[in-house]
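**Student:** How does the following fold in three dimensions:
(2 chains)
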Amino acid sequence: MTVMKVSAPKINQHIATSLERFSQNGGEKISNYVNAAGKAVIAPFVIMNNPFTHKDEKDREWASVKQPVEAVITLAMQLAALSVLYKSVDSLIKRGKISFKSIENAAKDASLIPEKFLKACNNNKDQALKMYKAQCNEILKDRLGAVVSMFTYVPVLAVSNRVFPKIAQKLVNKDENKSDK
Amino acid sequence: MKISPINKLTHSDFFNRHINRVINDDMFGAKTLVALNVGKDVFAYGVRFRTTMKNKDIPEEQRPFVASMDLMSGVVTAIMQIGVGFSLANPKIQGKIWDKLFKNCKFNDIVAAKKGFSQVMALIGSTILAERILVPLIATPCAEKFENIFFNFGKKNTSDKYHSVTFEQFQKDIMTSDDNEKVQTFKSKFCRKKIKRNHKNCPEKNS
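**Tutor:** Below is the predicted model of the structure:
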């Protein structure tokens, strides 16, 4: 059997490429992925193995089962809501219904275009302006996305509060039955 | 021409200043991401606490701890995420980590990669390290204390023969009783809590 060796610099190169993509795509979706991953995997482990608490195991099991269940429901609902939002914002931008004051000013006066875009485009003003506009769109989508993500917590928690006790009851009781046997 | 609310926002001085600052200052961008995350979490934990307390599907005995855990997590999360996230967004710390990890890597757009890196670092620091590791470690004992102070009042305890007796019933009964055990139970059940110690009929206050 051949074992493929993955060297540390190779992994770092992959991460480096992902970082460029991350910067282009905006942070809200990634923020939701990171949040859900931490909640589903790390939080239950920490709750169950916390050395600073003397709470009985059943209570801790209930609190820790809640985390992954909620993480999955949150991620699914937030990504669905963000996809709808991003599509509608994109279509509004395409139809010219959204414009930015900074872009309008920069189109009149090229000195207002941020230097980093001009550098990246070798002083090609039209391209730099396009990059500036794309970045503005991404920031707008991110900020609107943060507000939408926040308000999705209301339906998310309503659903997860219904689902998680059923799963917790099954899992906790299953453990109890095993220990009884 | 009718101006949409989004267009109002994109033409406001505040939002345009914000956009330009995010574009020109990577650290500000990373800090904004952390602050938005904290805002979302605080809102979510507030809603969670309310819905958990009202959730009858969770057994009554487990409900106070689950709800306390939600509330305490919200408070500790806000403090820890801002502390850790903002520290990791610091350019000096980021520069050191960047040099260690990506000194020999090739980039098509190093400016974009550095921006992404500062945001990812702040996010991982605030959401994984602070919110998921440090917060439960601190919030669990805090939740335990919070539960003991605010929820144990009237909590069912099968070893306590007075567990279903309310404060008002006890109050009526204790006035006509010489039973020392009853008086002691009343004291331990209702007067230990600060909220009830100030009650005008509490024997501890009057003694």
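**Student:** Would you mind listing the buried residues in the helix or strand harbouring B:Val75?
**Tutor:** Assessed by DSSP states H and E, B:Val75 sits inside helix B:63-88. Of all the residues in helix B:63-88, those buried under the rule 16 or more other CB atoms under 10 Å in any protein chain shown are B:63-78, B:80-82, B:84-86, B:88. Every C-beta, even on glycine, is put in place using the N, C-alpha and C of the backbone.
**Student:** Next: stretch B:10-30.
**Tutor:** Neighbour-count burial for stretch B:10-30 [16+ other CB under 10 Å]: B:10-11, B:15-16, B:19-20, B:22-23, B:26, B:29-30.
**Student:** Which secondary structure elements does the helix or strand where A:Glu138 lies sit against?
**Tutor:** Element membership of A:Glu138 [criterion: DSSP H and E] is helix A:125-180. Under the contact definition 3 or more CB pairs under 8 Å, 6 or more residues apart in numbering or on different chains; DSSP states H and E, helix A:125-180 sits against helix A:28-37, helix A:57-94, helix A:101-108, helix A:115-120, helix B:5-10, helix B:13-24, helix B:26-54.
**Student:** chain center to it, what's the gap?
**Tutor:** 7 Å (CA atoms, centre = their mean, to the nearest Å).
**Student:** and the helix holding B:Val75, anywhere near chain A?
**Tutor:** Yes - using CB under 8 Å from any CB of the partner chain, helix B:63-88 reaches chain A at B:65-66, B:69.
**Student:** Go through the residues you listed and say which is closest to A:Asn12.
**Tutor:** Of all the residues of helix B:63-88 next to chain A, A:Asn12 sits closest to B:Met69, with 37.5 Å by CB to CB.
**Student:** mind giving me the domain ranges of chain B?
**Tutor:** Chain B breaks down into these domains under automatic domain parsing: B:5-150, B:167-206.
**Student:** Out of those, indicate the one that is most buried.
**Tutor:** domain B:5-150 (a mean of 19; mean count of other CB atoms under 10 Å in any protein chain shown).
**Student:** Give me the distance between the two termini of that domain.
**Tutor:** Domain B:5-150 has an end-to-end distance of 44 Å (CA to CA, to the nearest Å).
**Student:** per-residue confidence for the residue most central in space within chain A?
**Tutor:** With distances taken as CA atoms, centre = their mean, the residue of chain A nearest its centroid is A:Asn32 (2.2 Å). According to the prediction, A:Asn32 has pLDDT 79.
**Student:** and residue 133, what does it touch?
**Tutor:** You didn't pick a chain, so chain A it is. A:100, A:103 (CB atoms under 8 Å, 6 or more residues apart in numbering or on different chains).
**Student:** oops, I was thinking of chain B
**Tutor:** A:42, A:46.
**Student:** The buried residues of stretch B:10-30: which ones sit near chain A?
**Tutor:** Among those, chain A is touched by B:10-11, B:16, B:19-20, B:22-23 when using CB under 8 Å from any CB.
**Student:** any idea how far B:Asn16 is from A:Leu112?
**Tutor:** 11 Å (CB to CB, to the nearest Å).
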